[in-house]
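Peer 1: Can you look at this prediction? I've put the sequence above it.
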Amino acid sequence: MSKGTIRNLLRRDKRADRVVPPTGFTAQLTLFVSGAMAFLAVFALALSLASGRLADRWASELAGAATLRINAPADQRAAQTEAALNVLQQTPGVASARALTTKEQADLLSPWFGPDLPLDALPIPQLIEIIEGESGLDAAGLRLRLSAEVPGAVLDDHTRWREPLVDAAMSLRRLGWVSILLIGGSTAAMITLAANASLAANAQIIEVLRQVGARDRFIAGAFVRRFTFRALFGAAVGTLLGMSGVLLLPEASDAGGFLTGLGFQGIGWVLPVLIPVLGAAVAFLATWSAAQRKLKELS
């Protein structure tokens, strides 16, 4: 279908517009479906974008850090911690390394054991925070050296639990895009049913129009325009309501984590504006296809 054909079909024609009744259950169905689907598409898009941001953040932040745990008796812990720090200072790819203070370790454990945890009475291992450099860290080589020089050291480069988290976030992003595709398909199916119902209800009018010389393109254009603009208006209302709902969601925060970061950010606020346009395009194609088939049946 050429651009000229699409332009002619969407150009307002008062004579042709009288063919399709401006009210009725098909009009209400088209408005409701396009509005409801646009509303859901906004939240599916917000979920997909938020999941993508979360996956990128986890991948970047966790990939550049590692933790060294010193499991040693209390009388040997300080010496092994000092030895481990010396090894890390000589290791290529380590930008910095420092032993966490007692307060920092207590803060890490307080969400599970409470703020009054007596660390002195418990065999809590010493933790060392490692920040990797741009060249990256040879974890396997570092483990071999630590096993020889610091027997109680256990290196955790976060790979074991970082990758599942990133994969889960990426799966949520894919689920969001799949949901948007399903929403678009459902919209097309419902508008096709509404267009078929409207064409069948106006079968006698179509027959009269053909007898007086109206071409099928003229008749199909009336239905295409009516359903396309109905879908555009309904999707615009649904998008506005959806964006208003997203605005009411809590803002992203380090404490709240993923559930507080479902909004749009920056240029992402432009993407929901495309939903009414895409909804109108889906309605255009669905109605044009339905009109072509139905007019052939009525021939």
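Peer 2: Happy to help now that I have it.
Peer 1: How are the helices of this protein distributed by residue range?
Peer 2: Counting by DSSP state H, the chain has these helices, from start to end: 3-10, 14-17, 25-63, 74-89, 102-113, 139-149, 159-201, 203-211, 216-247, 274-297.
Peer 1: Same list (these) but as a markdown table, adding mean pLDDT, mean neighbour count and distance to residue 133.
Peer 2: Any C-beta I mention is one placed from the backbone N, CA and C, and that applies to glycine too. Below are these laid out as a markdown table (pLDDT from 0 to 100; neighbours: other C-beta atoms under 10 Å; distance: least, C-beta to C-beta, whole Å):
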| stretch | mean pLDDT | mean neighbour count | distance to residue 133 |
| --- | --- | --- | --- |
| helix 3-10 | 56 | 13 | 54 |
| helix 14-17 | 56 | 13 | 68 |
| helix 25-63 | 82 | 20 | 12 |
| helix 74-89 | 86 | 16 | 12 |
| helix 102-113 | 78 | 12 | 22 |
| helix 139-149 | 83 | 14 | 13 |
| helix 159-201 | 84 | 17 | 17 |
| helix 203-211 | 80 | 14 | 74 |
| helix 216-247 | 87 | 21 | 39 |
| helix 274-297 | 87 | 20 | 41 |
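Peer 1: so how far is residue 216 from residue 296?
Peer 2: Here the distance between residue 296 and residue 216 works out to 9 Å (C-beta to C-beta, to the nearest Å).
Peer 1: any idea which residue sits dead centre in this structure?
Peer 2: Among the residues of the chain, the one closest to the centroid is residue 48, at 0.4 Å (C-alpha atoms, centre = their mean).
Peer 1: dump the residue contacts of the residue nearest to that one when sequence neighbours are not counted.
Peer 2: Across the structure, with C-beta to C-beta, 6 or more residues apart in numbering as the measure, the residue nearest residue 48 apart from its sequence neighbours is residue 176 (2.7 Å). Listed by C-beta atoms under 8 Å, 6 or more residues apart in numbering, the contact set of residue 176 reads 44-45, 47-49, 51.
Peer 1: rerun at 6 Å
Peer 2: With contact set as C-beta atoms under 6 Å, 6 or more residues apart in numbering, residue 176 has these partners: 44, 47-48.
Peer 1: to the chain's geometric centre, what's the distance from stretch 166-175?
Peer 2: Distance of stretch 166-175 from the chain centroid (C-alpha atoms, centre = their mean, to the nearest Å) equals 8 Å.
Peer 1: Going forward, count from 5.
Peer 2: With the count now opening at 5, the last piece we talked about shows up as stretch 170-179.
Peer 1: can I get the helices of the chain in TSV with distance to residue 135?
Peer 2: Compiled in TSV, the helices of the chain are given as follows (distance: least, C-beta to C-beta, whole Å):
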stretch	distance to residue 135
helix 7-14	56
helix 18-21	67
helix 29-67	11
helix 78-93	10
helix 106-117	15
helix 143-153	14
helix 163-205	15
helix 207-215	73
helix 220-251	35
helix 278-301	41
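Peer 1: Residue 136 is nearest to which of the ones you listed?
Peer 2: Comparison of those against residue 136 by C-beta to C-beta identifies helix 29-67 as nearest, at 7.8 Å.
Peer 1: Quick one: work out the angle between the closest one and helix 163-205.
Peer 2: 170 degrees (axes from the mean of the first three to the mean of the last three C-alpha atoms, to 10 degrees).
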